[in-house]
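K.L.:
quick one, fold the following:
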Amino acid sequence: MTTPQRNLDEFISNLTREEDDLKQQLQYLKSKGKKRKRIVDEWFDKLQNMKQRCIYMKNSLNESGRPNFNVQGEIRDLIKGMQNHKKCKPMVLSNEFVGKKFEGNVKKMWKLLRDDQVFIIGIYGMGGVGKTFLATYIQCEIIRSKIFEDVLRVTVSHDFNIFKLQQQIAEKIKVNLCKSDNETSRAIILESELEKRKNTVIILDDIWEYVDLEKVGIPLGVGVKGIKVIMTSRLRHVCQQMKCLSDNRIEVGAFNADDEYGEAWELFWLGLQNFGTRPKLSPEVRNIAKCVVSKCDGLPLAISVMARIMIGNTSIHEWKYVLDEFDEWLMKAEMKKEVITVLRRSYDNLAEKKVKKCFLYSALLPKSFVREDLIMMLVDMGLLNGRRSLKKIFNKGNNIVKKLINHSLLLEHNSTLRMQGLVKKMAWNILKESDANTMLKCNEYMKSISELEWPTDLETVSLANNTIEEIPYGTSFNCPRLSTLLLFDNSIGHIPEDFFTYMNALKTLGLSEKHNLTSLPRSLSNVRSLTSLMLYECSELNDIPPLGELQSLLRLQISGCSIEALPEGLENLINLKWLDLSNNVNLELVPGSFLSSLTNIQYLNLWLCSGGIEVEDVEGMTMLECFAGTFVDQDNLNRYVREILDSANGPQTYLIHYLDWKQNGRKRPLWGCESLLSTFMCRIMSFRDCNELSHVLPRNLLKLLLDCNDHWVCVCDALSSNDSFSLEEICIRDWTKLTSMFCSSCSLCTRIRNLQSLKLYYLESLTTIFKELPPRGMFSHLKTLDVYECHRIKILLPSRLVRHVQNLESVTVSHCDSMEQIFALPYDDTAEDGDEDEDEDEDDEGEHDDNNKIRLRKLNCLKVIGLPQLKTVCEGVLICKSGLEPIIIDCPKLCEPRIE
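P.N.:
Have a look, this model is predicted:
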């Protein structure tokens, strides 16, 4: 029998095993009265087609007697196709299990269960998302597949104690613990019995606090074979405390808010079915039903309960009633008992009253928000001490935010926070119950403020996320105790002149995303109690009344508006601690106009304002901790760096932009304003289209951004540092004359010791990153290298540089027309190297055992995209982190890289 025939026989056997396994699973589904997903049939049909192709090829080989080259190629293609097909195999077959996330979670769960080095697996997420559902599914699959000898499941819950948990486990494995009342003795008995069983999975469901598994008697670790624990919890920090590593945790969440794949509706539709019989809903009713589902904000528990309540209802009036009264429904009967009560347990589990209050007030913010908005609101509400330094305020605030995230009450995505819709409604309900003087009418599609009653004892009002378009002329509510008024995310075009006349206790006023609002009423000038005024993303707002009388004002935010001049009296606000004038692109700052009198300022953001500032404007701000602004004069910038940033009293968080105003006029920086307060580690300088040389960089600078320059040919000639500094990231974009990046002798290059990220974009003349050997240690911490549209580079990293980047983790090279090679071996770039340096014979940290291998052991991401001349990643073997699968797109000449 020839080798191809043997390969085909083995391949056919593999396909048959896959086919039989799937048939067995489908038979099991049928026996349970379940239906399979459509994608399962599609996958199964493709599998059978592959098998038929293999059988046909085998028969052809038997007839011809010997294989030809084309047949061998087809066999290779079939094997590769099958490998890819197996990767796409549906992990979840029944149509009752909805969602791509669920499928991915099951796939990850099986991977962890099969890993001998994983002992405890955590499933976490907010209430009602399906943690127990996932654990139950895995339990059933373990029983069906018999991969483990046994699977036990116990519910831990709120009333947990070790004695009770020991008894529950003992009952599951039929062990008598009645002879001992001592926890330690009972633990020894359980441990002994479980070790005998080996190959067992223990599911601990609904954990609310740390469980000492050793005290319980559950043996885990390298010395114990086959015992694994799956735990479910709402509390992320409990998973951490139980030594469940982050890689071994599975976060279960709600369906996506935009429901891109229609998964929330699919779950609801399944719930409306009666033993597989679809409901007969008219198109109008179906559209209303979809609106009802969207009100659940993707929460599976709420969707399932609502479907059960509405099953059999076909009347359009019934569905309209549910939609109109949805918020009332939430607090009644089944929805309150089965959804809101479940969600509230996370709130009730918060131990500190202050953290509970912080959670409730965070529900007053818009749909999504950043940390600093929440933390500063807590200051406005008196829940955080505003007299402390910003750093201490944010340390405390971030600690509170972390607790809310750990309890799954706040959700975090990138740098944005949000609260799940039904959790927010639960918080509003608690606020209303605890404070009768609160009016919350959010997300209710209100168009007019006159629909509401404004009693005189009101203290807090939030009308966020409505469609309020107008406040009728002459409206002036008599609310002498009102302290907080939030009108975020509406469409208000006009506020009457007397609107604030009888709001003499108002402390916090928030307006945002008022795209039709052009002016604010003059009555605002007399609200002397105001401590926080937030006006942001009011894109048409260009007229703000005088603010000089608001002496109590501590926080003023006028951001993303159309003002061309500052409100009158700003220089009189001597108690101001927070001033944000960012993103007002029409605002012309005049040096010496108002800033010098604001000596109590802690936060100053002037990003994207026209004009610039001078050292004299800010040198008296000895309390300034965070600063963002623009300099237009080189001498002023260098003075600011030497006299303020490099002094002990300068701001430790800053974002400074420089451009030559005479040359550039009103050109803006291309970079967005990053969060100054997220970690208090934002220290950024950016330069755009500068002609002058000799700019001084601060010693504590972390990130350097350089863009749009037609003058500088080398970074070294333009920038310098007076001392060693901690620069971590350099990003250069759109330079026309830059030919090489660094040297080995200037005051800048010789002092770079902590560079971790290097990003190079649109550098049309760049031929090499380093024309000389870099100083020792310059690239020793480099982790990320991105290169985009640098068309003259042929070799990204010559061997002389490869030896210096042993901590490299990620490399992305995209659309560089001349790029031929990514990593060069020592003999590949000798023409470029010239004479080898004297250090060649010294210890090079063992990165080359021979001349045919390049070792980058930490490399875990390699992307090469749109490189028409790329021939090879490297001529030899690239040795890097296990599991690296390079992403290769549109590189027609590239040979398959050899990676170990």
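K.L.:
return the residues in contact with the closest residue in space to Ser559 that isn't next to it in sequence.
P.N.:
Beyond its immediate neighbours in the sequence, the residue positioned closest to Ser559 (Cβ to Cβ, 6 or more residues apart in numbering) is Tyr536, lying 4.1 Å away. (Each C-beta comes from the backbone N, C-alpha and C, glycine too.) By Cβ atoms under 8 Å, 6 or more residues apart in numbering, Tyr536 lies in contact with Leu511, Ser512, Gln557, Ile558, Ser559, Gly560, Cys561, Asp580.
K.L.:
so which of those residues belong to strands?
P.N.:
Using DSSP state E to define strands, the subset of these located there is Leu511, Ser512, Gln557, Ile558, Ser559, Asp580.
K.L.:
quick check: bridge partners of the second one?
P.N.:
Per DSSP bridges, the residues bridged to Ser512 are Phe488, Tyr536.
K.L.:
my read is that it contacts Ser539, right?
P.N.:
No: in this structure, Ser512 is not within contact of Ser539 by Cβ atoms under 8 Å, at 10.5 Å.
K.L.:
the two: who's more crowded?
P.N.:
Neighbour count, other Cβ atoms under 10 Å: between Ser512 and Ser539, Ser512 has more, with 20 against 15.
K.L.:
any idea which element His237 lies in?
P.N.:
Here His237, judged by DSSP states H and E, is contained in helix 236-241.
K.L.:
for the next helix or strand along the chain from that helix, the distance to its chain's centre please.
P.N.:
Reading on from helix 236-241 to the C-terminus, the next helix or strand found by DSSP H and E is strand 249-251. The chain centroid and the centroid of strand 249-251 are separated by 15 Å under Cα atoms, centre = their mean, to the nearest Å.
K.L.:
ditto for stretch 779-796
P.N.:
A distance of 26 Å separates the centroid of the chain from that of stretch 779-796, by Cα atoms, centre = their mean.
K.L.:
do the same with stretch 472-489
P.N.:
With Cα atoms, centre = their mean as the basis, the distance from the averaged C-alpha position of stretch 472-489 to the chain average is 36 Å.
K.L.:
how about low-confidence regions in the stretch 251-400 of the chain?
P.N.:
Using pLDDT under 70 as the threshold, the predicted model of the stretch 251-400 of the chain has low-confidence ranges 260-261, 276.
K.L.:
hang on, Glu444 packs against Asn466?
P.N.:
Yes: when contacts are counted by Cβ under 8 Å, Glu444 is listed as touching Asn466 (6.0 Å).
K.L.:
domains of this structure?
P.N.:
Domains of the chain are assigned by automatic domain parsing as 3-87, 100-251, 263-339, 350-434, 439-576.
K.L.:
mean pLDDT lowest where, among these?
P.N.:
Among those, domain 3-87 has the lowest mean pLDDT, at a mean of 69.
K.L.:
my read is that Met50 contacts Asn14, right?
P.N.:
No: the pair Met50 and Asn14 fails to qualify as a contact (Cβ under 8 Å) at a distance of 10.1 Å.
K.L.:
looking at those two, which is more packed in?
P.N.:
Set side by side, Met50 and Asn14 show more neighbours around Met50, with 20 against 15, by other Cβ under 10 Å.
K.L.:
for whatever helix or strand the more buried one lives in, packing partners?
P.N.:
Using DSSP H and E, Met50 falls within helix 38-64. Taking 3 or more Cβ pairs under 8 Å, 6 or more residues apart in numbering; DSSP states H and E as contact, the helices and strands that helix 38-64 lies on are helix 3-31, helix 69-87.
K.L.:
distance of the residue nearest the centre of the chain from Gln756?
P.N.:
A centroid search over the chain (Cα atoms, centre = their mean) returns Asn414, at 2.4 Å, as the residue closest to the centre. Taking Cβ to Cβ, to the nearest Å as the measure, Asn414 and Gln756 are separated by 20 Å.
K.L.:
follow-up on the earlier one: any chance of the domains of the chain in JSON lines with distance to Phe770 as columns?
P.N.:
Formatted as JSON lines, these follow (distance: least, Cβ to Cβ, whole Å):
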{"stretch": "domain 3-87", "distance to Phe770": "39"}
{"stretch": "domain 100-251", "distance to Phe770": "36"}
{"stretch": "domain 263-339", "distance to Phe770": "50"}
{"stretch": "domain 350-434", "distance to Phe770": "33"}
{"stretch": "domain 439-576", "distance to Phe770": "42"}
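K.L.:
and Val585, which of these is closest to it?
P.N.:
Taking Cβ to Cβ, domain 439-576 is the member of the domains of the chain nearest to Val585, at 8.5 Å.
K.L.:
number of residues surrounding the residue lying closest to Lys737 once chain neighbours are set aside?
P.N.:
With sequence-adjacent residues excluded and distances taken as Cβ to Cβ, 6+ apart, Lys737 is closest to Val713, at 4.6 Å. Residues lying near Val713 (other Cβ under 10 Å) number 15.
K.L.:
residues contacting Val713?
P.N.:
If a contact means Cβ under 8 Å, 6+ apart, then Val713 has Lys737, Leu738, Thr739 as its contacts.
K.L.:
quick one: pLDDT of it?
P.N.:
Looking at Val713, its pLDDT stands at 80.
K.L.:
Pro826 now?
P.N.:
In the prediction, the pLDDT value recorded for Pro826 is 66.
K.L.:
what's the answer for Gly672, then?
P.N.:
The model reports Gly672 with a pLDDT of 55.
K.L.:
Glu444 and Asn466: who's more crowded?
P.N.:
Neighbours of Glu444 and Asn466, each counted by other Cβ under 10 Å, are more numerous for Asn466; the result is 22 against 12.
K.L.:
please, which helix or strand holds that one?
P.N.:
Using DSSP H and E, Asn466 sits in no helix or strand.
K.L.:
could you do Met126 as well?
P.N.:
With secondary structure defined by DSSP H and E, Met126 is part of neither a helix nor a strand.
K.L.:
I'd like the numbering to begin with 52 instead of 1 from here.
P.N.:
Sure, I'll start numbering at 52, so the last one becomes Met177.
K.L.:
so where do the strands sit in the stretch 852-951 of the chain?
P.N.:
Assignment of strands within the stretch 852-951 of the chain using DSSP state E, counting those that start in this stretch yields the ranges 861-865, 872-874, 904-907, 912-916, 928-931, 938-940, 949-950.
K.L.:
elements contacting the last one?
P.N.:
Contact analysis of strand 949-950 by 3+ Cβ pairs under 8 Å, 6+ apart lists strand 928-931 as its packing neighbours.
K.L.:
pLDDT averaged over the strand it packs on - what is it?
P.N.:
For strand 928-931, the per-residue pLDDT values average out at 86.
K.L.:
mind saving the C-alpha coords of it as PDB?
P.N.:
Coordinates of the C-alpha atoms in strand 928-931 are reproduced here as PDB (Å, rounded to 0.1, in the frame of the first residue of the first chain):
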ATOM      1  CA  VAL A 928      13.800  29.300  11.800                       C
ATOM      2  CA  LEU A 929      11.900  31.800  14.000                       C
ATOM      3  CA  ILE A 930      11.800  30.500  17.600                       C
ATOM      4  CA  CYS A 931       9.100  32.300  19.600                       C
END
